[in-house]
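**Q** Show me the folded form of this:
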Amino acid sequence: MKKLTTLALLVFLAASLNAQNIRSKNGERVLPQAEDWSIGIDANPFFSYMKGLIGQGNNATAPSTNFLLNNQMITGKYFLESDLALRASLRIGTRSGNNMNKVSDRAATGTTTYPTVPPMRQNEWQQRGTTFGLALGVEKRRGNTRLQGYYGGEVGFISMSSKDEFTYGNALSTSSTNPVVINTNDDAFAGANNITSDTYGNDARILDRNNGSTFGFGVRGFIGAEYFVLPKISIAGEFGWGIGYEKTSNGSTTMESIDSSLPATGTQTLDAGENSSFVLDTDNNNSLFGPAGSIRINLHF
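**A** Residues are numbered from 1 along each chain as shown. I've put the predicted structure just below:
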């Protein structure tokens with residue numbers, strides 16, 4: 001019995017050593033080793049390129065390096081052992097932008113003649129936003145060939161907020177001699193949706209729009225498979241199951257308008273309320289984690 005146990009142990013060690021030492025014809029290690037790093041990218045552009053080469057000839061579009069998910073989280077792994085890895089997904093972002101439009105001065109009196117430039121005013125749209133996402137997990141691997149299976153768990157959360165501020169060069173006025181009303185063309189910014197209606201049905205333009213703060217949290221288990229097509233380069237995919245909670249709050253919109261029946265100018269602030277969701281399900285391309293249910297290329301180094 002002791003001899004059989006010793007023999008079985010030797011066979012297992014030999015198989016493990018052989019798996020870890022799989023090499024290409026040039027002597028390069030194929031599988032990841034302890035202290036290796038890995039990053040993942042979306043495989044779909046490469047599959048589309050190959051499809052184009054086969055079926056469309058010169059119409060094939062060269063592939064690009066894309067994030068695995070639309071949430072733009074960078075995903076990677078660190079191997080503690082050849083069969084054990086820590087994995088993480090991270091996104092840290094801030095955005096700030098100013099758009100300015102020159103519009104006619106609607107309060108100006110008199111007329112201009114060629115080539116005098118008519119009086120102009122400036123409208124401005126300021127955009128601000130922050131995003132932070134983090135997921136951490138542990139991955140256990142198994143398999144003695146180029147085909148590796150893996151499983152594990154991870155926890156993640158994400159936080160987002162954004163705000164729009166608008167200033168208008170033409171101040172609203174109910175003057176009986178030279179009124180200045182909202183101009184739905186001049187005051188509008190393309191893509192901003194800053195022209196709306198107040199609660200009385202009057203045309204209104206937004207001064208401040210707080211899109212609220214979103215916080216999400218989740219725990220997830222996953223299982224997947226990975227095939228090493230070249231040394232340290234693999235194609236993989238995974239599926240998962242877990243729970244997640246997401247809440248958006250503190251949103252509001254401040255707008256200004258003119259009630260022509262009075263007449264009078266005024267502002268209103270409308271609260272957006274709170275939105276929340278809870279999910280307990282299998283996942284695919286969720287917002288909390290890295291590449292769930294996606295086909296990806298992993299690069300090890």
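**Q** contacts and neighbour counts: CA atoms only from here.
**A** Noted.
**Q** Check which helices and strands the host helix or strand of Gly266 sits against.
**A** Here Gly266 sits within strand 264-283, counting by DSSP states H and E. Counting contacts by 3 or more CA pairs under 8 Å, 6 or more residues apart in numbering; DSSP states H and E, strand 264-283 packs against strand 233-259.
**Q** per-residue confidence averaged over the strand it packs on?
**A** Averaged across strand 233-259, pLDDT comes to 91.
**Q** Return the list of strands paired to it, each annotated with direction.
**A** strand 203-230 (antiparallel), strand 264-283 (antiparallel), strand 295-300 (antiparallel) (DSSP bridges).
**Q** Identify each buried residue in the shortest one, please.
**A** Neighbour-count burial for strand 295-300 flags Ile295, Arg296, Ile297, Asn298, Leu299, His300 (criterion: 16 or more other CA atoms under 10 Å).
**Q** buried set for stretch 136-152?
**A** The neighbour-count check on stretch 136-152 (16+ other CA under 10 Å) flags 136-141, 144-152 as buried.
**Q** Mind checking which of the residues you listed land in strands?
**A** Here DSSP state E is the test, and the buried residues of stretch 136-152 give Leu136, Gly137, Val138, Glu139, Lys140, Arg141, Leu147, Gln148, Gly149, Tyr150, Tyr151, Gly152 as lying in strands.
**Q** And those residues, which is closest to Leu270?
**A** Leu136 (38.1 Å; CA to CA).
**Q** Against Thr112, how distant is that closest one?
**A** Going from Leu136 to Thr112 by CA to CA, to the nearest Å gives 65 Å.
**Q** So Gln33 sits against Glu81, correct?
**A** Yes - under the contact definition of CA atoms under 8 Å, Gln33 touches Glu81, with a separation of 6.4 Å.
**Q** Between these two, which is the more surrounded one?
**A** Gln33 (21 against 15; other CA atoms under 10 Å).
**Q** In three-state terms, label that one for me.
**A** Using DSSP: H, G, I helix; E, B strand; the rest coil, the structure places Gln33 in coil.
**Q** now it, nearest residue through space, not along the chain?
**A** Ser82 (4.4 Å; CA to CA, 6 or more residues apart in numbering).
**Q** what's the neighbour count on that neighbour?
**A** Residues near Ser82, counting by other CA under 10 Å: 18.
**Q** now swap in the one 4 residues further on and tell me
**A** Applying other CA under 10 Å, we find 18 residues neighbouring Leu86.
**Q** Over to the one 5 residues further on?
**A** By the measure other CA under 10 Å, the count of residues near Arg91 is 15.
**Q** Now do the contacts for it.
**A** Gln72, Met73, Ile74, Thr131, Phe132, Gly133, Leu134 (CA atoms under 8 Å, 6 or more residues apart in numbering).
**Q** Against Asn211, how distant is the first one?
**A** In this structure, Gln72 and Asn211 are 20 Å apart, going by CA to CA.
**Q** The fifth one now?
**A** Between Phe132 and Asn211 the distance is 16 Å, computed by CA to CA.
**Q** neighbour-wise, which of the two wins?
**A** Legend: neighbour count by other CA under 10 Å for Phe132 and Asn211, higher for Asn211 (19 against 16).
**Q** What separation do you get for the more buried one and Thr254?
**A** From Asn211 to Thr254 the distance is 11 Å (CA to CA).
**Q** between the ones in strands among the buried residues of stretch 136-152, which is nearest Met100?
**A** Closest to Met100, out of all of those and judged by CA to CA, is Leu136, at 41.3 Å.
**Q** Distance check, that closest one against Ala85.
**A** 11 Å.
**Q** cool, and Gly216?
**A** With CA to CA as the criterion, Gly216 and Ala85 are 25 Å apart.
**Q** okay, the two: which has more neighbours?
**A** Ala85 (26 against 20).
**Q** Against Ala225, how distant is that one?
**A** 14 Å.
**Q** What of Leu134?
**A** Taken as CA to CA, the span from Leu134 to Ala225 is 23 Å.
**Q** between those two, who's got more neighbours?
**A** Applying other CA under 10 Å to Leu134 and Ala225 shows that Leu134 carries more neighbours, namely 21 against 18.
**Q** Can you tell me who the more buried one pairs with across the strands?
**A** Leu90, Phe157.
**Q** from what I can see it touches Leu90, true?
**A** Yes - under the criterion of CA under 8 Å, Leu134 makes contact with Leu90 at 4.7 Å.
**Q** Report the contact partners of the residue nearest to Thr254 when sequence neighbours are not counted.
**A** Residue nearest to Thr254 in three dimensions, not counting chain neighbours: Thr269, with 4.2 Å by CA to CA, 6+ apart. By CA under 8 Å, 6+ apart, the residues touching Thr269 are Ser252, Thr253, Thr254, Met255.
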